[in-house]
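**Q** okay, here's the prediction I keep looking at, along with the sequence it came from:
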Amino acid sequence: MVTIQEAFSILKNNLPQPKKEMLPLAKAKRHILAEDLVAPISMPPFRQSAMDGFALGLHDGLDYEIIGEIKAGDAQQVELKGGQAIKIFTGAPVPDSATAVMQIEKVIVSGTVLQLQEHPKLQMNIRPIGEQNLKGDLALEKGTLLNAACIGFLAGLGFTEVNVYKKSKIGILVTGNELVQPGLPLDYGKIYESNSIMLEIALQEAFYENTKIYYVNDDFENTKNKIAEVLAENDVILISGGISVGDYDFVAKALEALQVETLFYKVKQKPGKPLFAGKLNDKMIFALPGNPGASLTCFYIYVLPTLQNISGCNSDYGQTISKKLSHNFTVSNARNQFLKAHIVGDEVTVLTHQNSSMLNTFSVSNGLMYVEDGGYKLAKGTAVEVYVI
């Protein structure tokens, strides 16, 4: 058995190297950029109008002669003399001879005569070439998480694909003869299987969508063969149940037979003590407890940071925030504990139904409050560590 901190350290020291791939921009969301990107063009690439209005060849008076118009996308070059104006629209190219753009709300138009209500300032309402970035500037740094704004920015620079860190293909293997799929009759002694869809959705919420679910009954040969199949098809394997030491728990024996290296087995914590982490070449294997609450806790504390690191994100294990306890709370436990909790503002409340088999309060939890083992009392207002989920 290892401590929580030992488990973190072991995982950190055994992470596979992130892999890279080229992806079209539309499929690169929530990926980590694997290289610096240099801007191939300046933005804007031409002097651009920031307003609907009139581009002006400035002179001393307030009256101008209107000589035409320029729409967004027009490419004609117009030479404005002092006292001349041309109607222009937002985003349209401003002639080099124009020294200001007056917004349409501040002018009076009578035929081809334009009358300004005030004298303009030089370069007003003109976006200069390279106002956002110049050609050759660093556009985005390696390690950037690509969100909608990043992808829109890159599209505006003309990029169609990017080099990113590849996200793992994840296999979820569910074991247990007692499990029945939701929607089927529930015979005495059976329970509905929920861990697979729970873990799949947790992965999707974290933007890991390349997943596949497998099932196997409690039999050594079947378990060994199915784990071998899942290993062959995936980068990271999550096994639900069957890792304890009961007569019908065959996962540990099957992993040993497949020569999976044990990184650790059992962590001094509650819930989730029978957690297994292993490695086979560059593939990571987690055998999660069968109890849903324990399984999901281990996912957030150990599996998700591992996936994030493999995907190029420097995610720290054990990263918590400090919150104030909203009520008095008594700790009485022989192991360090992760408690389902709800965060509101600067306060955190410990929820009821902390049993590892229960998900009802986990469904409204947005944090796991961490407490050290022992018997002691925490007063309302005490600063505590919370894992945000």
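**A** Noted; the coordinates are in hand. Numbers count the residues shown, from 1 in each chain.
**Q** SS state for residue 224?
**A** Judged by DSSP: H, G, I helix; E, B strand; the rest coil, the three-state class of residue 224 is helix.
**Q** from residue 171, how far off is it?
**A** Applying Cβ to Cβ, to the nearest Å, the value for residue 224 to residue 171 is 15 Å. For glycine as for every other residue, the C-beta is placed from the backbone atoms N, C-alpha and C.
**Q** ok, these two, which is more surrounded?
**A** Legend: neighbour count by other Cβ atoms under 10 Å for residue 224 and residue 171, higher for residue 171 (25 against 19).
**Q** list phi and psi for the more buried one.
**A** phi -100, psi 130 (degrees, to the nearest 10).
**Q** what is the neighbour count of the closest residue to it other than its chain neighbours?
**A** Nearest residue to residue 171 in three dimensions, chain neighbours excluded: residue 234, at 3.6 Å (Cβ to Cβ, 6 or more residues apart in numbering). Here the number of neighbours of residue 234 (other Cβ under 10 Å) works out to 22.
**Q** hang on, residue 234 packs against residue 172?
**A** No. Using Cβ atoms under 8 Å, residue 234 is not in contact with residue 172; the gap is 9.0 Å.
**Q** now do the helices in the chain.
**A** 4-12, 148-156, 195-205, 220-233, 251-257, 292-298, 304-310 (DSSP state H).
**Q** nearest to residue 323, of those helices?
**A** helix 292-298 (17.9 Å; Cβ to Cβ).
**Q** name the residues of that closest one that come out as buried.
**A** Going by neighbour count (16 or more other Cβ atoms under 10 Å), the buried part of helix 292-298 is 292-298.
**Q** run the chain-centre distance for that helix.
**A** Distance of helix 292-298 from the chain centroid (Cα atoms, centre = their mean, to the nearest Å) equals 21 Å.
**Q** which other helices and strands contact that helix?
**A** For helix 292-298, the elements it packs on are helix 195-205, strand 283-288, judged by 3 or more Cβ pairs under 8 Å, 6 or more residues apart in numbering; DSSP states H and E.
**Q** again, 7 Å this time
**A** helix 195-205 (3 or more Cβ pairs under 7 Å, 6 or more residues apart in numbering; DSSP states H and E).
**Q** tell me the buried residues in the helix it packs on?
**A** For helix 195-205, a neighbour-count test (16+ other Cβ under 10 Å) marks 195-196, 198-200, 202-203 as buried.
**Q** just those now: which is nearest residue 352?
**A** Of all the buried residues of helix 195-205, residue 352 sits closest to residue 198, with 19.8 Å by Cβ to Cβ.
**Q** I'd say the closest one and residue 299 touch.
**A** No. Taking contacts as Cβ atoms under 7 Å, residue 198 lies outside contact range of residue 299: 8.6 Å.
**Q** next one: the least confident helix or strand in the chain by mean pLDDT to chain centre, how far?
**A** Ranking every helix and strand in the chain by mean pLDDT, DSSP states H and E puts strand 179-180 at the bottom, with a mean of 86. Between the centre of strand 179-180 and the centre of its chain there are 32 Å (Cα atoms, centre = their mean).
**Q** which strands or helices does that strand pack on?
**A** By 3+ Cβ pairs under 7 Å, 6+ apart, strand 179-180 packs against strand 191-192.
**Q** pull up the pairing partners for the strand it packs on, direction included.
**A** Using DSSP bridges, strand 191-192 pairs in its sheet with strand 179-180 (parallel).
**Q** identify the residues contacting the partner strand?
**A** 186, 190-193 (Cβ atoms under 7 Å, 6 or more residues apart in numbering).
**Q** which parts of this protein belong to which domain?
**A** Split into domains by automatic domain parsing, the chain comes to 4-19+167-310, 20-42+131-165, 48-127, 321-388.
**Q** spit out the contact partners of residue 118.
**A** Counted by Cβ under 7 Å, 6+ apart, residue 118 has contacts residue 106.
**Q** skipping adjacent residues, who's closest to residue 386 in space?
**A** What sits nearest to residue 386 in space, not counting adjacent residues and going by Cβ to Cβ, 6+ apart, is residue 367, at 4.5 Å.
**Q** what is the distance between stretch 149-159 and the centre of its chain?
**A** 18 Å.
**Q** shaky segments in the stretch 251-389 of the chain?
**A** For the stretch 251-389 of the chain, not a single residue meets the criterion pLDDT under 70.
**Q** can you pull the contacts of residue 194?
**A** Counted by Cβ under 7 Å, 6+ apart, residue 194 has contacts residue 292.
**Q** for it, grab phi and psi.
**A** Main-chain torsions, residue 194, degrees, to the nearest 10: phi -130, psi -20.
**Q** what separation is there between it and residue 10?
**A** 29 Å.
**Q** how many neighbouring residues does the residue nearest to residue 330 when sequence neighbours are not counted have?
**A** Leaving aside its sequence neighbours, residue 330 sits nearest to residue 377 (Cβ to Cβ, 6+ apart; 5.2 Å). Close neighbours of residue 377, defined as other Cβ under 10 Å, add up to 10.
**Q** which residues are contacting stretch 347-361?
**A** The contact list for stretch 347-361 (Cβ under 7 Å, 6+ apart) reads 271, 289, 291-294, 323-327, 329, 339-342, 365, 367, 369, 384, 386.
**Q** can you give me the strands in the stretch 51-200 of the chain?
**A** 53-56, 63-70, 84-88, 100-103, 107-110, 113-116, 126-127, 138-140, 161-165, 170-175, 179-180, 191-192 (DSSP state E, counting those that start in this stretch).
**Q** what's the closest of those to residue 260?
**A** strand 170-175 (12.8 Å).
**Q** could you turn stretch 116-136 into CSV, dropping everything but the C-alphas?
**A** Taking Å, rounded to 0.1, in the frame of the first residue of the first chain, the C-alpha atoms of stretch 116-136 are listed here in CSV:
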residue,chain,number,x,y,z
LEU,A,116,-18.9,67.0,-40.6
GLN,A,117,-20.2,68.0,-37.1
GLU,A,118,-16.7,68.2,-35.7
HIS,A,119,-13.1,68.2,-36.8
PRO,A,120,-11.6,64.7,-37.0
LYS,A,121,-8.3,63.6,-35.4
LEU,A,122,-5.5,62.1,-37.5
GLN,A,123,-5.9,58.3,-38.1
MET,A,124,-9.2,58.2,-36.1
ASN,A,125,-11.2,55.0,-36.7
ILE,A,126,-8.4,53.4,-38.8
ARG,A,127,-7.0,50.1,-37.8
PRO,A,128,-3.3,50.2,-38.9
ILE,A,129,-1.6,47.3,-40.6
GLY,A,130,-0.5,44.8,-38.0
GLU,A,131,-2.5,46.3,-35.1
GLN,A,132,-3.2,42.8,-33.8
ASN,A,133,0.0,41.2,-35.0
LEU,A,134,2.8,41.7,-37.5
LYS,A,135,3.9,39.0,-40.0
GLY,A,136,6.6,36.9,-38.2
